[in-house]
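Asks: Show me how the following folds:
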Amino acid sequence: MQAKLVSYKKTGRPEITGTNKTFSLKGVLKMVSIYVSRIEASSTIDSISDHLKDNGLAQFQVKLEYSKHPELYKSHIMSAPTDVAGKMKKADLWPEGANVSNFLYHLGKKKEKEKEQTSS
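Replies: Reported below is the predicted structural model:
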């Protein structure tokens, strides 16, 4: 008997978004996390927040993230609703040399595991 290769197509789960605004029950906006790196080392969370507000963006959170070379640059994770996050990914919003991408959660978990292994 010969082995037969079988592949299964993943089917997406159906998803809907509620539209009724008359309920006392309220929903929350879907948030997207964005990773911004290579921002000048002297920058602060407040200066980045002010920069985004000055450019017409609202409803976001900024958090400082570990960077490989903290003496040279800082990295930040920003959370925002999907419509605001799309505006945050525009190149003309950021200084020359800054990197902007979606935040990959699994990489953060990998770094934490590596730190735990090296410390023990």
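Asks: Wasn't Asp46 part of a helix?
Replies: Yes - secondary structure of Asp46 (DSSP: H, G, I helix; E, B strand; the rest coil): part of a helix.
Asks: now the strands for the chain?
Replies: 31-40, 61-65, 73-81, 99-102 (DSSP state E).
Asks: Tell me which residues touch Thr19, please.
Replies: With contact set as CB atoms under 8 Å, 6 or more residues apart in numbering, Thr19 has no partners. Using the backbone N, CA and C atoms, a C-beta is placed for each residue, glycine as well.
Asks: any idea how far it is from Gly27?
Replies: 10 Å (CB to CB, to the nearest Å).
Asks: show me what contacts Pro95?
Replies: Applying CB under 8 Å, 6+ apart, the residues near Pro95 are Ile39, Glu40.
Asks: and it, what pLDDT?
Replies: With respect to pLDDT, Pro95 scores 92.
Asks: Repeat that for the one 10 residues further on.
Replies: Note on Tyr105: pLDDT of 76.
Asks: Skip the chain neighbours and tell me the closest residue to it.
Replies: Closest residue in space to Tyr105, ignoring its immediate chain neighbours: Ser33 at 7.6 Å, by CB to CB, 6 or more residues apart in numbering.
Asks: and of the strands of the chain, who's closest to Lys90?
Replies: strand 99-102 (8.6 Å; CB to CB).
Asks: Quick one: mean pLDDT over the closest one.
Replies: Mean predicted confidence for strand 99-102 is 92.
Asks: Pick out the least confidently modelled helix or strand of this structure, by mean pLDDT.
Replies: helix 105-119 (a mean of 65; mean pLDDT, DSSP states H and E).
Asks: pLDDT weak spots in this structure?
Replies: 1-10, 106-120 (pLDDT under 70).
Asks: one more time with 80, if that's ok
Replies: 1-15, 17, 66, 105-120 (pLDDT under 80).
Asks: is His76 in a bridge, and if so with what?
Replies: Val36, Leu64 (DSSP bridges).
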